[in-house]
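Novice: got a predicted structure plus its sequence, pasted below:
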Amino acid sequence: MLKKKSFIILTSFLMIFTLMVTGCGGESQDAATESQPLIVAQRSDAVVLDPHANNDQASSRVMRQIYSNLINQNESMELEPGLAESWEAIDELTFEFNLRQGVKFHNGEELTANDVAFTLNRALGSSHVSHIVGAINPDGIVVVDPYTIRIATHEPFAPLLAHLAHTATGILNEKAVTEAGEDYSQSPVGTGPYKLSNWLVGETVELVIFEDYYDEANKAKIEKVVFKAIAEDGNRAIELETGGIDIAYDIIGTDVDRVANHSDLAMVRDMNLSTTYVGFNAEKEPFNDVRVRQAINYAVDMDLIVDVVYLGTGEPSRGPLGGNVWASNQNLKPYGYDVEKAKELMKEAGLENGFKTKIWTNQNQQRIDIAEILQNQLKDINIEAEVSIMDWGAYLDATAAGEHDMFILGWVTVTGDPDYGLYPLFHSKTHGDGGNRTFYTNERVNELLDLARVNVDPAIREAAYIEVQEIVRDEAPWIFTWTGEELTGIRDNVKGFKNHPAGHHKLWSVYFE
Amino acid sequence: MHKYILRRLLMLIPVMLGVSFIVFTMMYITPGDPARIMLGESAPTEEVEKFREELGLNDPFFFQYGRFVKNLVIHQDIGRSYTSKRPVTIEILSRFPNTLKLATLGIVVAVVLGIPTGIISATKQYSIFDNAAMVAALLGVSMPNFWQGLMLILLFSVHLGWLPSSGFSSYKEMILPALTLGTSSAAIITRMTRSSMLEVIRQDYIRTARAKGQTESVVINRHALKNALIPIVTVIGLQFGYLLGGAVLTESIFGISGVGRLMVESINARNFPVVQGGVLFIALTFSIVNLMVDILYSFLDPRIKSQYK
């Protein structure tokens, strides 16, 4: 009897539950829309959609679709006219920009030079992006007429045009910002090809086509784009495979082959602007001896690290800049793996018996793996390294204070201009949390970096940067580790997608076949 | 009874203040400058300092805490998120529906699986069903959620293609997260139901009920189960309260935007206002669930009801 009753109870419970879940399952099947949205998955949701309120990658990827800049930077990192149809240098401090006429914001307002002036002044007041626009002199932002604006810098600043192509300098509408007040970051108004339609915080950002987009020839081809946050790396690949999404950003090394070999999917792979490096504290013994830093560079098998840690994605770095950055010196000779040479250098430095040191990293699995491989390989030259894993905040504080021996960090030369990828990292003015956490100092490097920053002649700048890279390569304040790659998975009916080296891929050229 | 509930609700005030003080202190002494974390390694020092000033982080500890309490008590304002600039209440409340749905579905799965299995195991002690159920319960408790979630995705999304592997808007999308979250609680509830039932069915009054000629189902369901329910309800309440605090791993695996993920992200970003607000909110929901469990006792056992008076 009991057996029968229990069975009935259990079966009833299970039936109710099954009915509950399957009965409602039809809902999602009916939810497919007619105009097939483009669903793009990235690791996290946008934090803000106000270019001056944060500078994270997820937000920038969405904002790239919403805002337009005075100047665009294409996938080859070349500068092209954007909202400014032309520009010219008036003197060594000032550029004059001629704006397109009849450009509409998403709220119907027309773009004028006042909006540009408002945007730049607002950016200058934001701690999040002032490092992008900091060179601009607020008194030098002059509206000449509604379609002409002059922008002057405090000192001559050659990379200004590249900085004006950064997502942080997307042009805002003064009226929309003023009206929205503190809530502007949730109600963006730009002149881009897509406008915000709906935002489920932490989950999805929905954008719809902006019919009045100024660039007729490049109007978006897909009605609706949905950015979906999928934090779990493996799940983005699975969702792509099962057709839940159309594009997956940041496919991880373990999934690359699976996506590439899948009959319905394809990988779009391009080198990006990021670099990972192991820095030495160049002010601290024994790392203040260039021979020790060079010896460690020779003692590390970088091909092994790229194969094991990054599973063959990206490539070993030759120097401080990746190949996509303008004036990057690709003729630099990589150190190569040569333990004998490393031993020789250690002997010359009087350290053939090695020393004890610490390698710091934050809680980033790939960096932890690098640290452990280094720990193992440095034993060959009698260096006993201890790996210390720190919380991100504490890590930044401690490396800025110069408490470290060796540390692992990354950098993205997001403007594509070498000034951004060299000045903060190797100029002695930026020691500590200005970016130069190796505390490296070289007067010639300082001089060249200053020269290339203020000189607008591309040939002079290029020569200066080539020399800086040679010096830095030889003096080795870093172990030049890894240059990253944009790894995007797409379904095979998605056409027209191109990776942008900065990671802010344009989606308005994408269409379904 | 009303007085008891009112007293318990009033007691929440010092509890919340205590919680807020502890969280505030912990966040304050944890290394890592929120301004530096938010602006990133590329921001110049003077900008970081300017941002610290804007956020009021240069003020002394007690001044900062006092300002927080004052805003909370007088203006019912927990502040705005450092990163998204949204009001903290909106940050939390926009994610809470997902957490509530996930926790409710998880606990439904747990109860539906756990209680019947526990009852059958107890009434058929040492049978094959009992042994199998106990092994399954042990597995359920021991299996890490993230692993189980991935295995379910592998089976139902990748191989069979029946269910989506992420999202949380349709019921179909809710099945895998609910199963992932529910099974470990189900295992705990099964074990608790079994042991509680075993204790009760050995009591004299059960023997008496059987001697009176009651059917086995009446003996088990009316006499035994009701008396065995108090510890089971306690466990369910605790599990539910715990799930309401956010199931970080399940949320991460299935891409669900819930309170748990918000908390982890906020702690990593040293987003003090959101961490403060989130912990207070979780403490509040946990206390309310506990209170509801206590009230439920009185319906299960009239002796307890009399103590409340």
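Specialist: Everything's here; your move.

Novice: near chain A, which residues of the stretch 151-300 of chain B show up?
Specialist: Within the stretch 151-300 of chain B, the positions lying close to chain A (CB under 8 Å from any CB of the partner chain) are B:153, B:157-158, B:161, B:164-175, B:178, B:215-217, B:220-221, B:252-258, B:261-262, B:265, B:268, B:270. In short, each C-beta sits where N, CA and C put it, glycine included.

Novice: any of the residues you listed buried? List them.
Specialist: Buried residues within these, counting neighbours by 16 or more other CB atoms under 10 Å in any protein chain shown: B:153, B:157, B:164-175, B:178, B:216, B:220-221, B:252-258, B:261-262, B:265, B:270.

Novice: just the ones of the residues of the stretch 151-300 of chain B next to chain A in strands?
Specialist: If you go by DSSP state E, those have nothing in strands.

Novice: narrow those residues to those in helices?
Specialist: B:171-175, B:178, B:216-217, B:252-253, B:261-262, B:265, B:268 (DSSP state H).

Novice: just to check, B:Asn71 is in contact with B:Gly79?
Specialist: Yes: the pair B:Asn71 and B:Gly79 qualifies as a contact (CB atoms under 8 Å) at a distance of 6.6 Å.

Novice: and these two? Which one has more around it.
Specialist: B:Gly79 (20 against 14; other CB atoms under 10 Å in any protein chain shown).

Novice: which residue comes closest to the more buried one once chain neighbours are left out?
Specialist: Excluding its sequence neighbours, the residue lying closest to B:Gly79 (CB to CB, 6 or more residues apart in numbering or on different chains) is B:Pro273, at 3.8 Å.

Novice: got it, and B:Pro177?
Specialist: In space, B:Pro177 is closest to B:Phe254, 4.6 Å off (CB to CB, 6+ apart).

Novice: so the one you found sits against B:Gly167, correct?
Specialist: Yes: counting by CB under 8 Å, B:Phe254 touches B:Gly167, with 7.4 Å between them.

Novice: which residues do those two both contact?
Specialist: Common neighbours of B:Phe254 and B:Gly167 are listed as B:Glu173 (criterion: CB atoms under 8 Å, 6 or more residues apart in numbering or on different chains).

Novice: burial of the residue of chain B found nearest chain A, as a residue count?
Specialist: Residue of chain B nearest chain A, by CB to the nearest CB: B:Gly32 (1.7 Å). Residues lying near B:Gly32 (other CB under 10 Å) number 20.

Novice: repeat that for B:Ala35.
Specialist: By other CB under 10 Å, neighbour count at B:Ala35 equals 22.

Novice: my read: it touches B:Glu46, true?
Specialist: No: assessed by CB under 8 Å, B:Ala35 is found out of contact with B:Glu46, at 11.4 Å.

Novice: and the gap between B:Val275 and B:Met27?
Specialist: 6 Å (CB to CB, to the nearest Å).

Novice: these two: which is more packed in?
Specialist: B:Val275 (23 against 19).

Novice: now the strands for the stretch 251-400 of chain A?
Specialist: In the stretch 251-400 of chain A, the strands defined using DSSP state E, counting those that start in this stretch lie at A:265-280, A:315-316, A:355-362, A:383-390.

Novice: partner strands of the third one, parallel or antiparallel?
Specialist: Strands adjacent to strand A:355-362 in the sheet, as given by DSSP bridges, are strand A:383-390 (parallel), strand A:406-412 (parallel).

Novice: in JSON lines, list those along with distance to B:Asp130.
Specialist: Below are the strands paired with strand A:355-362 laid out as JSON lines (distance: least, CB to CB, whole Å):
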{"stretch": "strand A:383-390", "distance to B:Asp130": "45"}
{"stretch": "strand A:406-412", "distance to B:Asp130": "53"}
